[in-house]
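# What would the 3D arrangement of this be:
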Amino acid sequence: MHELAITQDIVETVGARADGARVLRVVVVIGKLSAVLPDAVRFCFELCCEDTPLAGAALEIVEPPGVVRCRGCGAEFEIDRPFARCVCGSTELDWISGEQLSIRAIEIVEEGAA
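The predicted structure follows:
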């Protein structure tokens with residue numbers, strides 16, 4: 001389950017960026033073609049946040065679809081798994097997007113804020 005290591009990295013990165021401030025929300029982008037399971041990241045998040053400035057933070061996951069271009073006819077279309085076939089019959093597809101895995105935003109409580 002590489003999602004545990006990925007989630008630990010997310011928590012570590014956000015914690016370092018927050019510089020000790022309490023984190024309220026983390027927004028993560030996990031593309032449909034990234035080979036990362038969003039449900040597994042959700043499952044690991046609370047555990048990884050224990051005893052950190054992220055304890056109790058909400059996790060929001062944005063899941064953009066994969067977008068591919070057919071080498072045969074040039075058509076672009078969305079897919080939600082790594083293997084697909086174009087309407088022209090070709091399986092030779094170039095991935096344009098959907099592999100992303102990134103931290104999009106964090107929401108923190110500034111020191112001295114109510």
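# Other residues contacting stretch 100-114?
The contact list for stretch 100-114 (C-beta atoms under 8 Å, 6 or more residues apart in numbering) reads 6, 10, 13-14, 17-18, 21-31, 34, 36, 62, 64. (Each C-beta comes from the backbone N, C-alpha and C, glycine too.)
# which ones among the residues you listed are found in helices?
When DSSP state H defines the helices, the subset of these inside them is Ile6, Ile10, Thr13, Val14, Arg17, Ala18.
# any idea which of those residues has the most stuff around it?
Ile10 (23 neighbours; other C-beta atoms under 10 Å).
# Any stretches of the protein with poor pLDDT?
Along the chain, segments meeting pLDDT under 70 span 1, 111-114.
# what about the strands in it?
22-30, 58-62, 66-70, 76-79, 93-97, 101-109 (DSSP state E).
# Dump these into TSV; add mean neighbour count as well.
Formatted as TSV, these follow (neighbours: other C-beta atoms under 10 Å):
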stretch	mean neighbour count
strand 22-30	19
strand 58-62	15
strand 66-70	19
strand 76-79	15
strand 93-97	15
strand 101-109	15
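# got a markdown table for those strands, with distance to Val41 too?
Below are the strands of the chain laid out as a markdown table (distance: least, C-beta to C-beta, whole Å):
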| stretch | distance to Val41 |
| --- | --- |
| strand 22-30 | 7 |
| strand 58-62 | 7 |
| strand 66-70 | 18 |
| strand 76-79 | 21 |
| strand 93-97 | 19 |
| strand 101-109 | 9 |
